[in-house]
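1. Give me the fold of what follows.
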Amino acid sequence: MGNLLITARCNRQCTFCFAKLRIAEMIQEKEKGLNMSREDIRAAMDFMERTEEKSLRLLGGEPTLHPEFIDIVNEGLQRKFHVHLFTNAIMTKEVADFLAGIPPERLSILCNISPQASDTDRQKGMRQYALERLGSRVSLGITITEPQFEYQYLIDHIKKFKLRPKLRVGIAQPIVGKENVFLKPSEYAAAGHAIAQMARACVKEDILIGFDCGMTLCMFSEEDLGTLATCSDGYTSVCDPIIDIGPNLDIWHCFPLSEVLNSNLKKFKTRREAARYYQAVVGAYRNLGCRPECMRCDFKRRGQCFGGCLAHAMNSLNKLPPRL
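-> Coordinates of the predicted model:
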């Protein structure tokens, strides 16, 4: 999979956001404007077709704010992609109605409504309309910034709007060389226990949680892992190159690493080639892990855990990796 960041515009101010820092800096440096050009978007689609990618994954900012968003989605559908949209669902009625007209098998939506940003009544109304129209096309997601967090509102939203009974859980990660709000590794165990509690509450409503990358096995006690075995899609430790494609066709391993080891899409023929490149350049950092204890961890030694997000490992060094 790969992510296409089509705009830097956003209508929220989430404290953990990976995207706004990276894209805003790129815009300042290159003065290309807030939106990815259609020419670059088509080049990215060509790249995905060569890779035989089936999914067109649109992010921002808030991707629905791109002035040509509807045309971009229509072109993706015409080129036989399944469109996967990452959104906060604060979108116009025109966009919501357009998306509601796409067959469910051609469109999926991940909506992050983490409570780190305060929404106005107007924004809440826009989101409610979108969720009512889009229903089961939508899965909800939450990004955790503190070890104790709210989650009942997510269950309530899934039930009220008849959304897909899945909930993606991620933890906010640091951006290498930058400042943003993230969950500290010292808070992982407390957060892991809270996640298990949420999983138990969700499964009572026939909702299963799934996991984003960057978590560690030691976050969870044996009891909590037992809970996750029956109350979730299952925990696995994952840290693979995502390959985010930003304005001007700059690419990076993933958002937390977006300030280092950058490259450009034009240097690679396929996503597989780009992924192999990033697997090689981050290989040495995988030995470190997100905490000093990772160096002697049996879970990591046996390959049961990747040691958390690479951004923690890179930030622990005296010298950051270069921007390429």
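
2. How confident is the prediction for Glu259, by pLDDT?
-> pLDDT, the model's per-residue confidence, is 83 for Glu259.

3. Name the residues that touch the helix or strand containing Leu110?
-> Counting by DSSP states H and E, the element that carries Leu110 is strand 107-112. Surrounding strand 107-112, the residues in contact under the criterion Cβ atoms under 8 Å, 6 or more residues apart in numbering are 82-89, 99, 131, 134, 137-143, 168. Every C-beta, even on glycine, is put in place using the N, C-alpha and C of the backbone.

4. Mind checking which of those residues are buried?
-> 83-89, 99, 131, 134, 137-143, 168 (16 or more other Cβ atoms under 10 Å).

5. now, which of the residues you listed lie within strands?
-> Those of the buried ones among the contacts of strand 107-112 mapping onto strands are Val83, His84, Leu85, Phe86, Thr87, Val138, Ser139, Leu140, Gly141, Ile142, Thr143, Arg168, per DSSP state E.

6. what's near enough to touch the first one?
-> If you count contacts by Cβ under 8 Å, 6+ apart, Val83 has them with Ser55, Leu56, Leu58, Val73, Gly76, Leu77, Ile102, Arg106, Leu107, Ser108.

7. For the protein, which segments count as helices?
-> For the chain, the helices defined by DSSP state H cover 19-30, 38-50, 69-78, 93-100, 121-134, 152-161, 188-203, 222-231, 271-281, 298-301, 310-315.

8. By mean pLDDT, flag the weakest helix or strand of the protein.
-> For the chain, scoring each helix and strand by mean pLDDT, DSSP states H and E identifies helix 19-30 as the least confident one, at a mean of 56.

9. residue ranges with poor pLDDT in the stretch 101-250 of the chain?
-> By pLDDT under 70, the weakly predicted segments of the stretch 101-250 of the chain are 115-117.

10. re earlier: only C-alpha atoms, please: export the strand holding Leu110 in PDB.
-> Extracted C-alpha coordinates of strand 107-112, given in PDB (Å, rounded to 0.1, in the frame of the first residue of the first chain):
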ATOM      1  CA  LEU A 107     -15.000   2.900  -1.700                       C
ATOM      2  CA  SER A 108     -13.900   2.500   1.900                       C
ATOM      3  CA  ILE A 109     -13.400   5.300   4.500                       C
ATOM      4  CA  LEU A 110     -11.400   5.500   7.700                       C
ATOM      5  CA  CYS A 111     -12.700   8.400   9.800                       C
ATOM      6  CA  ASN A 112     -10.500   9.600  12.600                       C
END
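
11. now it and strand 82-87, what's the angle there?
-> Direction vectors for strand 107-112 and strand 82-87, defined by axes from the mean of the first three to the mean of the last three Cα atoms, to 10 degrees, enclose an angle of 20 degrees.

12. Direction included, what does strand 107-112 pair against?
-> Looking at strand 107-112 with DSSP bridges, its paired strands and their directions are strand 82-87 (parallel), strand 138-144 (parallel).

13. just to revisit the earlier point, got a quick ChimeraX command for the buried subset of the contacts of Val83?
-> Buried members of the contacts of Val83, defined by 16+ other Cβ under 10 Å, are picked up in ChimeraX with:
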select :56,58,73,76,77,102,107,108
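
14. So which of the contacts of Val83 is the closest to Met36?
-> Within the contacts of Val83, distances to Met36 taken as Cβ to Cβ reach their minimum at Leu58, with 10.1 Å.

15. circling back to that earlier point, so which of the ones in strands among the buried ones among the contacts of strand 107-112 is the closest to Lys159?
-> The nearest member of those to Lys159, counting by Cβ to Cβ, is Leu140 at 11.2 Å.

16. What distance do you get for Val138 to Asn3?
-> 18 Å (Cβ to Cβ, to the nearest Å).

17. Could I get the strands paired with strand 107-112 in a markdown table, plus columns for distance to Thr15?
-> Supplementary listing: these in a markdown table, determined by distance: least, Cβ to Cβ, whole Å:
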| stretch | distance to Thr15 |
| --- | --- |
| strand 82-87 | 18 |
| strand 138-144 | 10 |
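
18. Contact partners for the nearest residue to Thr270 once chain neighbours are set aside?
-> With sequence-adjacent residues excluded and distances taken as Cβ to Cβ, 6 or more residues apart in numbering, Thr270 is closest to Thr51, at 4.3 Å. For Thr51, the set of contacting residues under the criterion of Cβ under 8 Å, 6+ apart consists of Gly2, Thr270, Arg271, Arg272.

19. so the first one sits right up against Pro241, yeah?
-> No - the criterion here is Cβ atoms under 8 Å, and Gly2 misses it with Pro241 at 9.1 Å.

20. Now do the buried residues in stretch 295-312.
-> For stretch 295-312, burial by neighbour count (16+ other Cβ under 10 Å) applies to Cys297, Phe299, Lys300, Cys305, Phe306, Gly307, Gly308, Cys309, Leu310, Ala311, His312.
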